[in-house]
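Chemist: Provided below for reference: sequence and predicted model.
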Amino acid sequence: ADVTVTDLEELQELLLVNIENNKHLVTGSVRAKVLKWGEDVTEFQPPPDYILMADCIYYEESLEPLLKTLKDLTGPGTRVLCCYEQRTMGKNPEIERKYFELLQMDFELEKIPLDKHDEEYRSEDIHILNIHRKQ
């Protein structure tokens, strides 16, 4: 696969260290790029086949920019795999509820059943969703 890993500018060095430490596992290509949610994604076009998201639902102010970025990045064939830990403290349940409510305006969601998760890493509070744009 040709992979682009993304994060904020201040984490690019860490991404590069991780790429270097794992280059023996890479059979395609991997590069690190800055991606700030809500900003222009032209340089990431055409739409990727897959987007992998992990623990991206954490504060309310990020929801709209995250959803804008997902809409801008995805094409009709893009699959988004979203993994997140369900948190029950503070505002987290409300933030999750709002995120999924907004997400479902433009996307279809399919929850991956727990018995399909990796046996070693599965947990009742870890959720994986298969997401794609509505047609």
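Modeler: Ah, there it is.

Chemist: And the lowest mean pLDDT element among the helices and strands of this protein?
Modeler: When the helices and strands of the chain are scored by mean pLDDT, DSSP states H and E, helix 92-103 comes last with a mean of 89.

Chemist: Same question for that helix: list its buried residues.
Modeler: For helix 92-103, a neighbour-count test (16 or more other CB atoms under 10 Å) marks 92, 95-96, 99, 103 as buried. The way it works is simple: take the backbone N, C-alpha and C, and place the C-beta from them, glycine included.

Chemist: for stretch 120-135, same thing?
Modeler: 127-129, 131-133.

Chemist: CA atoms of that stretch as CSV?
Modeler: C-alpha atoms of stretch 120-135 as CSV (Å, rounded to 0.1, in the frame of the first residue of the first chain):
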residue,chain,number,x,y,z
GLU,A,120,-5.8,-10.2,22.0
TYR,A,121,-6.8,-6.5,21.9
ARG,A,122,-10.6,-6.6,22.0
SER,A,123,-12.4,-4.8,24.9
GLU,A,124,-16.0,-3.9,25.6
ASP,A,125,-15.2,-0.2,25.6
ILE,A,126,-13.3,-0.2,22.3
HIS,A,127,-15.5,0.3,19.3
ILE,A,128,-14.7,-0.1,15.5
LEU,A,129,-16.9,1.4,12.9
ASN,A,130,-16.9,1.0,9.1
ILE,A,131,-18.0,4.3,7.7
HIS,A,132,-18.7,5.4,4.1
ARG,A,133,-20.4,8.4,2.4
LYS,A,134,-24.1,8.2,1.7
GLN,A,135,-24.8,7.8,-2.0
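
Chemist: any residues touching that stretch, and which ones?
Modeler: The contact list for stretch 120-135 (CB atoms under 8 Å, 6 or more residues apart in numbering) reads 70-71, 74-76, 78-87, 103, 106-112, 114, 117.

Chemist: just how off-centre is it within its chain?
Modeler: The chain centroid and the centroid of stretch 120-135 are separated by 10 Å under CA atoms, centre = their mean, to the nearest Å.

Chemist: any idea which of the buried residues of helix 92-103 is closest to E43?
Modeler: Distance to E43 across the buried residues of helix 92-103 (CB to CB) is lowest for L103, with 24.0 Å.

Chemist: and the residue nearest the centre of the chain, what does it touch?
Modeler: For the chain, the residue sitting closest to the mean C-alpha position, by CA atoms, centre = their mean, is M53 at 1.8 Å. Contacts for M53 were tallied using CB under 8 Å, 6+ apart; they are 80-84.
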